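K.L.:
Could you work out the structure for the sequence below:
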Amino acid sequence: MNWQKIKVSPNGTHFLFNDKPIFGRYFTEVLKFHSPGLAPVKDETGAYHIDTFGEAIYEERYARTFGYYCNRASVIYGEEWFHLNEKGERAYSIQFTWTGNYQEDICAVRDNNNHYCHIDVDGNKIYAGYFVYCGDYKDGVACVKSFDGFYRHIDVKGNFINNKSFLDLGIFHKNYATAKDSSGWHHIDKNGYSLYPKRYAAIEPFYNGYALVTDFEMKKFIINESGKVVLQV
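P.N.:
Presented below is the predicted three-dimensional model:
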């Protein structure tokens, strides 16, 4: 059975194939199938993962299980968070107070000191430092909040990609990121430079060359990558 064609039912209690229930059973909760063809489920015994035959891939039960990304899945066992590999085995021996989902074979985690960092698929830190918060990597760059209270972008070695810092920050999407300074939100390039002088109360990432922005009077506009307003919406 092609796992990519298996869908979650509208009420989130079972799976559908060609719009028909499969596996002959219902669960308390189910989430989508992800590569390599495994899905998180929960029933009266606890949370675990099943294969495309609807069978549990291991005997252990968890408080919660999440989807597989890069052949790793986050699980909660008591107060401990860690990842399983595609065989349902622990991917590493350490544990965290929170684990994210792997992206580009790297994952954001929070340790017992409530500090954030990134680990590889074997649970090893990929750089020496820690942060107040960090997000997922996209195209080799992640957003982090440093202990000085400012947000910056880092590469996979934990180095800042430029010397700019911001009050808030988004990921790079098609070469540009959303950023907030003392005057408001705007878009920046990979060197941290603003694409235009105007600031906004809220902005969205560029979508095929255009972005939705909200000014301080709560009016919404569409701007291009030069910051020119092309439409009021």
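
K.L.:
For the residue lying closest to T28 once chain neighbours are set aside, which three-state class applies?
P.N.:
Leaving aside its sequence neighbours, T28 sits nearest to K42 (Cβ to Cβ, 6 or more residues apart in numbering; 4.6 Å). The C-beta positions use only the backbone N, C-alpha and C, and glycine is treated the same way. The three-state label given to K42 by DSSP: H, G, I helix; E, B strand; the rest coil is strand.

K.L.:
List the contacts of the residue positioned nearest the centre of the chain.
P.N.:
Central residue of the chain (Cα atoms, centre = their mean): D136, 5.3 Å from the mean position. Shown in contact with D136 (Cβ atoms under 8 Å, 6 or more residues apart in numbering): 100-101, 103, 106-108, 142, 171.

K.L.:
Out of these, flag the one nearest to L38.
P.N.:
Checking the contacts of D136 against L38 with Cβ to Cβ, the nearest one is N101 at 13.6 Å.

K.L.:
which element is that closest one on?
P.N.:
N101 belongs to no helix or strand when elements are defined using DSSP states H and E.

K.L.:
what's the neighbour count on it?
P.N.:
17 (other Cβ atoms under 10 Å).

K.L.:
quick one, domains of this structure?
P.N.:
Residue ranges for the domains of the chain, per automatic domain parsing: 1-95, 103-161, 173-233.

K.L.:
out of those, which comes closest to L167?
P.N.:
Closest to L167 of these is domain 173-233 (Cβ to Cβ; 4.7 Å).

K.L.:
Distance from that closest one to the middle of the chain?
P.N.:
22 Å (Cα atoms, centre = their mean, to the nearest Å).

K.L.:
tell me the mean pLDDT over it?
P.N.:
For domain 173-233, mean pLDDT is 97.

K.L.:
Can you name the residues that contact G88?
P.N.:
49, 57-58, 60.

K.L.:
Can you check those and name whichever has the most neighbours?
P.N.:
The most crowded member of those, judged by other Cβ under 10 Å, is H49 (26 neighbours).

K.L.:
close enough to count as contact, the residue nearest to T28 and R64?
P.N.:
Yes: under the criterion of Cβ atoms under 8 Å, K42 makes contact with R64 at 7.4 Å.
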